[in-house]
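Asker: let's see this in three dimensions:
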Amino acid sequence: MNAKAAILTVFLLFAIANAADICNLKVSELMECKLAATPPSPTPPSSACCKALSHADLKCLCKFMDSPPLPDIDPKLAKELPGKLVRFDHLRGKVVDD
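Answerer: Numbering: from 1, shown residues only. Presented below is the predicted three-dimensional model:
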């Protein structure tokens, strides 16, 4: 493991331990999208992923994705997620199809 990856791993562990926000998302919310950004067969984003990303700072996430690689996450797949999201209706607490 190179030094940058080790530093990022320590940062992520610290963030998880302290429930810190990353780009307006808790780490647990960010992890809702992991399967949709993990090769070789990413799943469609779940409604929980869509809900989480609906209040994320997407510019921040793009910069975060450009940092040292995250374990199992494909930055290219992660950056494609916003275009794959369905609309989440916060008032009804569910995904809407319109």
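
Asker: helix, strand or coil for the residue lying closest to residue 74 once chain neighbours are set aside?
Answerer: With sequence-adjacent residues excluded and distances taken as C-beta to C-beta, 6 or more residues apart in numbering, residue 74 is closest to residue 39, at 4.9 Å. To be clear about C-beta, it is placed using only N, CA and C from the backbone, and glycine gets the same treatment. Recorded secondary structure, residue 39: coil (DSSP: H, G, I helix; E, B strand; the rest coil).

Asker: and stretch 47-63, what's buried?
Answerer: By neighbour count with 16 or more other C-beta atoms under 10 Å, stretch 47-63 contains the buried residues 49-53, 56, 61.

Asker: now stretch 75-82
Answerer: By 16+ other C-beta under 10 Å, the buried positions in stretch 75-82 come out as 77-78, 81.

Asker: rewinding a little: now, the most widely separated pair of the buried residues of stretch 47-63?
Answerer: With distance counted by C-beta to C-beta, no two of the buried residues of stretch 47-63 lie farther apart than 51 and 61, which are 15.0 Å apart.

Asker: tell me where the model's unsure across this protein.
Answerer: 1-20, 66-70, 86-98 (pLDDT under 70).

Asker: run through the helices of the chain in chain order.
Answerer: Using DSSP state H, the helices of the chain run over residues 3-18, 27-30, 47-53, 58-65, 75-84.
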